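A.B. asks: Structural data only, the sequence is not supplied:
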Ligand SMILES: Nc1ncnc2c1ncn2[C@@H]1O[C@H](COP(=O)(O)OP(=O)(O)O)[C@@H](O)[C@H]1O
Ligand SMILES: [Mg+2]
């Protein structure tokens, strides 16, 4: 079998021992959701040299007897993985090979993701960055800005998740022109406890290229459970490079969690007196939860209000300004995602912000 992942000699990676291709596919998916690279051995002979150094070993039910016969040394963090309905779960052999757990798929998927995530040493985690976006008033351009950031990041080949945390926002999938795209939306993703299954998150959401979107469906208005937001961000940080969260102006518990998790937060404020007054209240509610809040001022400025004056009156740093772009409202009506062409004031500001946050420059010659 060809190697499924690059083997890096000095890094100690979790080891999967199986020659069952379906099981391997499932485990590789769960490893990806946990942000872990892994090594794969088809049988105990191939596993032997990596058995002891690996921080975690998962043995497929197909190889359990073989591992027992091969007399591989006892070790901690050894898990036997089986599949529900596939007969004997192998409790006996699990004990004989010294497995600490028998994990049955699919029920144990979230647990296995956690095991993979915990196996990644802290200094090698490449946790995704989280950006939160708020509007200073209704129609400020927050959702368009959030969409522009996400589109720009994906164009720079960053694995990006755009999260619509505003139940009344009209749907971020619409901002991207994605409402017809198949995939899960919030209501299907949260069960009664508000839990999110991390592998489902990365696998089952609408996606195009490097961009994945978690948005609303057109069904009943539902609150966004705070635990669902926490679990989503947790899973996304592991599996994505950048997470952009479009927040409601009226902060709910889920929004507060996102603000607290954010590496950077932006409030978008039109360059108008009344918008600045409204934004004062939004900022007063948001700032206590986020030390990195800064303002993006959007033109036009009918009263010639300067961006620096808006920022000063809000008591926030000025992150950037946006000149009005008539192509944006026109594009939205046609289902074109903001900043998709990589040109114009919005695209330029988003490119600067994404580069500052992630160190990744916009891919040259990538204009759509
Ligand atoms: N950068 C921009 N240039 C021109 N028009 C914009 C821009 N951003 C947003 N708009 C217009 O403002 C409207 C509201 O934007 P939206 O992002 O939905 O606001 P919010 O999410 O803050 O309520 C959009 O439908 C679009 O017509
Ligand atoms: Mg919005």
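C.D. replies: Happy to help now that I have it. A quick note: this is a predicted structure, and the numbers were derived from the prediction, not measured. Ligands and ions are numbered 1, 2, ... in the order given.
A.B. asks: Quick check: residue 253 vs ligand 2, distance?
C.D. replies: Distance from residue 253 to ligand 2, counting by CB to the ion, to the nearest Å: 19 Å. All C-beta spots, glycine's among them, are computed from the backbone N, C-alpha and C.
A.B. asks: Next up, phi/psi of that residue, please.
C.D. replies: In this entry, residue 253 is assigned phi and psi values of phi -60, psi -40 (degrees, to the nearest 10).
A.B. asks: Which positions in the stretch 251-368 of the chain make contact with ligand 1?
C.D. replies: Residues of the stretch 251-368 of the chain found near ligand 1 (CB under 6 Å from any ligand atom) are 268, 298, 322, 324, 325, 328, 329, 332, 346.
A.B. asks: again, only this time at 8 Å
C.D. replies: If contact is defined as CB under 8 Å from any ligand atom, the residues of the stretch 251-368 of the chain in contact with ligand 1 are 268, 298, 322-326, 328-329, 332, 338, 345-346.
A.B. asks: what about the nearest residue to residue 315 once chain neighbours are set aside, neighbour count?
C.D. replies: Among residues not flanking residue 315 along the chain, residue 283 sits closest, at 7.5 Å (CB to CB, 6 or more residues apart in numbering). Counted by other CB atoms under 10 Å, the residues lying close to residue 283 total 21.
A.B. asks: next one: residue 324
C.D. replies: Neighbour count of residue 324, defined by other CB under 10 Å: 15.
A.B. asks: which residues touch the residue nearest to residue 315?
C.D. replies: Taking CB atoms under 8 Å, 6 or more residues apart in numbering, we find residue 283 in contact with 136, 267, 293, 314, 315, 316.
A.B. asks: Could you do residue 345 as well?
C.D. replies: For residue 345, the contacting residues are 322, 323, 325, taking CB under 8 Å, 6+ apart as the criterion.
A.B. asks: In the residues you listed, which residue is surrounded by the most others?
C.D. replies: Ranking the contacts of residue 345 using other CB under 10 Å puts residue 322 first, with 24 neighbours.
A.B. asks: Which of the helices or strands spans the closest residue to residue 120 other than its chain neighbours?
C.D. replies: Once its chain neighbours are removed from consideration, residue 120 has its nearest residue in residue 36; the separation is 5.1 Å (CB to CB, 6+ apart). With secondary structure defined by DSSP states H and E, residue 36 is part of neither a helix nor a strand.
A.B. asks: same deal with residue 110?
C.D. replies: When elements are defined using DSSP H and E, residue 110 is found to belong to helix 109-119.
A.B. asks: by contact count, what packs against that helix?
C.D. replies: Judged by 3 or more CB pairs under 8 Å, 6 or more residues apart in numbering; DSSP states H and E, the packing partners of helix 109-119 are helix 21-33, strand 78-83, strand 101-105, helix 198-204.
A.B. asks: Kindly provide the whole-number mean pLDDT of the longest one.
C.D. replies: To tie it back to what came earlier, the one meant is helix 21-33. Along helix 21-33, the predicted confidence averages to a pLDDT of 91.
A.B. asks: next structured bit after that helix?
C.D. replies: With elements assigned by DSSP H and E, the helix or strand that comes after helix 21-33 is strand 39-41.
A.B. asks: Now tell me what touches the next helix or strand after that next one from outside.
C.D. replies: The helix or strand immediately downstream of strand 39-41 is helix 44-51, counting by DSSP H and E. Helix 44-51 is contacted by residues 15, 17, 39, 41, 57, 63, 66-67, 69-70, 72-73, 75 when judged by CB under 8 Å, 6+ apart.
A.B. asks: what angle sits between helix 44-51 and strand 78-83?
C.D. replies: Between the axes of helix 44-51 and strand 78-83, defined by axes from the mean of the first three to the mean of the last three CA atoms, to 10 degrees, the angle is 140 degrees.
A.B. asks: Give the buried residues for helix 44-51.
C.D. replies: Along helix 44-51, the positions that meet the burial threshold by neighbour count (16 or more other CB atoms under 10 Å) are 44, 46, 47, 50, 51.
A.B. asks: Give me the pLDDT value at the residue nearest the centre of the chain.
C.D. replies: By CA atoms, centre = their mean, the mean C-alpha position of the chain lies nearest to residue 236, the distance being 2.6 Å. On pLDDT, residue 236 comes in at 86.
A.B. asks: doesn't residue 243 make contact with it?
C.D. replies: Yes. Taking CB atoms under 8 Å as the definition, residue 236 is a contact partner of residue 243 at 4.6 Å.
A.B. asks: rewinding a little: out of the contacts of helix 44-51, which one sits closest to residue 110?
C.D. replies: Here the nearest of the contacts of helix 44-51 to residue 110, counting by CB to CB, is residue 57; it sits at 19.4 Å.
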